[in-house]
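**Q** what shape does this take:
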Amino acid sequence: MKKSVKFSPEVRERSVRMVLEHQGEYESQWAAICSIAAKVGCTHETLRRWVREHETDSGARPGPTTAEQERIKALEREVREPRQANEILRKASAYFAQAELDRPFKR
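**A** Coordinates of the predicted model:
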């Protein structure tokens, strides 16, 4: 089983800054990421995601920023709750309507 290691925001920021400052010394950004990830103690993919997130948040790369993604998740959560409540009410309504139809007719 893999153990998830949480890196502090300071380590993340420093690692990303190192990649951005030293990528000119390598043949590609990926080479810089591989080298620095080994020094920091994280995986290449983790550092690559941090760099992409920084680029998106700073406007250098298109896409929703971290704040926008969090807002979207919150809105989706808000929408999901009423939908679930509506589904429960719809099923309950159908159940009670069926029970009403099954009851013998009173004269």
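
**Q** and whichever helix or strand A94 is part of, average pLDDT?
**A** Using DSSP states H and E, A94 falls within helix 66-102. Regarding helix 66-102, the rounded mean pLDDT is 89.

**Q** how far off centre is it?
**A** Centre-to-centre, helix 66-102 and its host chain are 22 Å apart (CA atoms, centre = their mean, to the nearest Å).

**Q** how far away is the most centrally placed residue in the chain from A38?
**A** Of all residues in the chain, the one closest to the mean position by CA atoms, centre = their mean is Q69, 7.1 Å from it. The gap separating Q69 from A38 is 29 Å, by CB to CB, to the nearest Å. All C-beta spots, glycine's among them, are computed from the backbone N, C-alpha and C.

**Q** again with G59
**A** Counting by CB to CB - G59 and A38 are separated by 29 Å.

**Q** again with A31
**A** Distance, A31 to A38, using CB to CB: 11 Å.

**Q** and V19, by the same measure?
**A** 12 Å.

**Q** tell me which of the two has more neighbours.
**A** V19 (23 against 12; other CB atoms under 10 Å).

**Q** quick one, domains of this structure?
**A** 1-63, 66-107 (automatic domain parsing).

**Q** which of the ones you listed sits most buried?
**A** Highest mean neighbour count of those: domain 1-63, a mean of 14 (counted as mean count of other CB atoms under 10 Å).

**Q** contacts only, for E55.
**A** Applying CB atoms under 8 Å, 6 or more residues apart in numbering to E55 gives the contacts R61.

**Q** now it: which helix or strand?
**A** Following DSSP H and E, one finds E55 within helix 44-58.

**Q** next, the angle from that helix to helix 66-102.
**A** Interaxial angle of helix 44-58 relative to helix 66-102 (axes from the mean of the first three to the mean of the last three CA atoms, to 10 degrees): 100 degrees.
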